[in-house]
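Participant: sequence? don't have it. structure:
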């Protein structure tokens, strides 16, 4: 439909402006998307614990209702802004643009946690440089081909809750293989927020991505 | 927006016609919604195993892509139709209306599995008599207030994957309490498809609901 294309067109334009502004300041923007409860906030808590202090980071939290996720991040000593969409099933670039003037412009990383939804957020760029899709073990290794767009539009696949894999009929290799068939350029990480595993490798990947951004800016 | 209200209005109208047709034939319609991977298909597999033979049931499966879920149900000897939305994040009544002429009109129960999405499907009636929202342990007990509409519009809350509860920071009582604060008329069931637990109680609830439907039809 024309209407929808126009809306996405406007979103794409705002997203491009956000990306340009972030790049100009040497801020790496990362957009995390997944089903509800795949572990986005828990992963961000671990990232916050590791990066705060030595690195300046900020988090934007997207949810339909409640400030719960922003509160969890603030409890880690990291500034966080909550966007409550009041019903909307995804973040849009204009919502992020509205929050950005409040964010310290000297940060190095801006992490954006999207509304928990493996479908709709995939259609909306937010000005990120890197898009991460999370798939948790309990969701099942058959999900990439059933929800392809989140996987085809992402740069990184994070298989979360690896501590639960032994209790599940979940094959991380099958999940990764299926996602890579859809999108061979995906970088794959396996993490457990509970056991604090795989977080360093992911942060190291973000650091390299930011170094590349600053070099080419 | 007017456009959206009109679209929903039309959906509501088609849904009402479906509900009337089902009621007239003594068919109980049940719509299952949840996040991806909360266990809708596994629950339907267990229901199919229990009810087939003595009871005539049929299943409509909604997914963005693949026939995987319908194949899983057919493998249980129960007729299943796959609706692939090709990108759309929820089922709509008109999609169900298109499939219905193929469904044996002498069935007693029609189970509809929605697209895995805890947000958007809540806004679309499909002509069901009973709406069930599933929340799996791994998703976390804080989800009802973050994704309220799925809980406020449902009749039944099914807490799934109870076999995993001991491995999780998940309190089923807290999840149920939070959902009941949003919607006190919710009937709550706890199930494990892996351990085949809690399925009989749920089926018994559906049987009573159908008996009421037939009595009042």
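Facilitator: Ah, there it is. All figures in this text were calculated on a predicted structure; none of them were measured in a lab.
Participant: get me the contact residues on chain A for chain B.
Facilitator: For chain A, the residues found near chain B under the criterion C-beta under 8 Å from any C-beta of the partner chain are A:3, A:35-37, A:63-66, A:68, A:87, A:89, A:115-120, A:136-140, A:142-143, A:145-149, A:161, A:163-164, A:167-168. C-betas here are computed from N, CA, C, even on glycine.
Participant: buried subset of those residues as a PyMOL selection?
Facilitator: Only the buried entries of the residues of chain A next to chain B go into this PyMOL selection, using 16 or more other C-beta atoms under 10 Å in any protein chain shown:
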select buried, chain A and resi 35+36+37+63+64+66+89+115+116+117+118+119+120+136+137+138+139+140+142+143+145+146+147+148+149+161+163+164+167+168
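Participant: let me see the ranges of the helices in chain A.
Facilitator: Applying DSSP state H to chain A gives helices spanning A:2-24, A:40-51, A:68-74, A:93-99, A:143-146, A:148-152, A:172-182, A:199-216.
Participant: take these and write them to a markdown table, including mean pLDDT.
Facilitator: Shown next, in a markdown table, are those (pLDDT from 0 to 100):
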| stretch | mean pLDDT |
| --- | --- |
| helix A:2-24 | 84 |
| helix A:40-51 | 97 |
| helix A:68-74 | 98 |
| helix A:93-99 | 97 |
| helix A:143-146 | 97 |
| helix A:148-152 | 98 |
| helix A:172-182 | 98 |
| helix A:199-216 | 95 |
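Participant: list just the one of these that sits closest to residue B:83.
Facilitator: Relative to residue B:83, the nearest member of those by C-beta to C-beta is helix A:143-146, separated by 12.8 Å.
Participant: residue nearest the centroid of chain A?
Facilitator: Most central in chain A under C-alpha atoms, centre = their mean is residue A:32, positioned 1.1 Å from the mean C-alpha point.
Participant: pretty sure that residue is touching residue A:114, no?
Facilitator: Yes. Here residue A:32 reaches residue A:114: they are 6.3 Å apart, a contact under C-beta atoms under 8 Å.
Participant: so what sits against both of these two?
Facilitator: residue A:40 (C-beta atoms under 8 Å, 6 or more residues apart in numbering or on different chains).
Participant: circling back: residues touching the residue nearest to the centre of chain A, list them.
Facilitator: Contact partners of residue A:32, counting by C-beta under 8 Å, 6+ apart, are A:40, A:43-44, A:111-114, A:132, A:134.
Participant: pLDDT score for it?
Facilitator: Residue A:32 is assigned 98 on the pLDDT scale.
Participant: residues near residue A:162, how many?
Facilitator: Applying other C-beta atoms under 10 Å in any protein chain shown, we find 20 other residues in the vicinity of residue A:162.
Participant: would you check that it makes contact with residue A:137?
Facilitator: Yes. Counting by C-beta under 8 Å, residue A:162 touches residue A:137, with 6.7 Å between them.
Participant: which neighbours do the two share?
Facilitator: Shared contacts of residue A:162 and residue A:137, defined by C-beta under 8 Å, 6+ apart, are found at residue A:172.
Participant: now intersect the residues of chain A next to chain B with the strands, please.
Facilitator: The strands, defined by DSSP state E, take in A:63, A:136 from the residues of chain A next to chain B.
Participant: what is residue A:83 paired to in the beta sheet?
Facilitator: Using DSSP bridges, the bridge partners assigned to residue A:83 are residue A:62.
Participant: contacts only, for it.
Facilitator: Listed by C-beta under 8 Å, 6+ apart, the contact set of residue A:83 reads A:60-63, A:91, A:95-96, A:99.
Participant: ok, now residue A:108?
Facilitator: If a contact means C-beta under 8 Å, 6+ apart, then residue A:108 has A:26-28, A:55-57, A:210 as its contacts.
Participant: ok, now how distant is the residue nearest to residue A:103 when sequence neighbours are not counted from residue B:20?
Facilitator: Closest residue to residue A:103 in three dimensions, ignoring its sequence neighbours and counting by C-beta to C-beta, 6 or more residues apart in numbering or on different chains: residue A:58, at 5.1 Å. Shown here: residue A:58 relative to residue B:20, a distance of 53 Å by C-beta to C-beta, to the nearest Å.
Participant: of the two, who's got more company?
Facilitator: Neighbour count, other C-beta under 10 Å: between residue A:58 and residue B:20, residue A:58 has more, with 22 against 11.
Participant: my read: the more buried one touches residue A:79, true?
Facilitator: Yes. At 4.9 Å, residue A:58 counts as touching residue A:79 under the criterion of C-beta under 8 Å.
Participant: and for these two, which residues touch both?
Facilitator: With contacts taken as C-beta under 8 Å, 6+ apart, residue A:58 and residue A:79 have A:103-104 as neighbours in common.
Participant: straight-line length of stretch A:71-85, end to end?
Facilitator: As for stretch A:71-85, its first-to-last residue distance stands at 17 Å under the measure C-alpha to C-alpha, to the nearest Å.
Participant: does residue A:76 really touch residue A:46, like I thought?
Facilitator: No. Between residue A:76 and residue A:46 no contact is recorded; they are 9.0 Å apart, counting by C-beta under 8 Å.
Participant: so between the two, which is more surrounded?
Facilitator: The neighbour count for residue A:76 versus residue A:46, taken as other C-beta under 10 Å, is higher for residue A:46 (23 against 17).
Participant: find the nearest non-adjacent residue to that one, please.
Facilitator: residue A:199 (4.7 Å).
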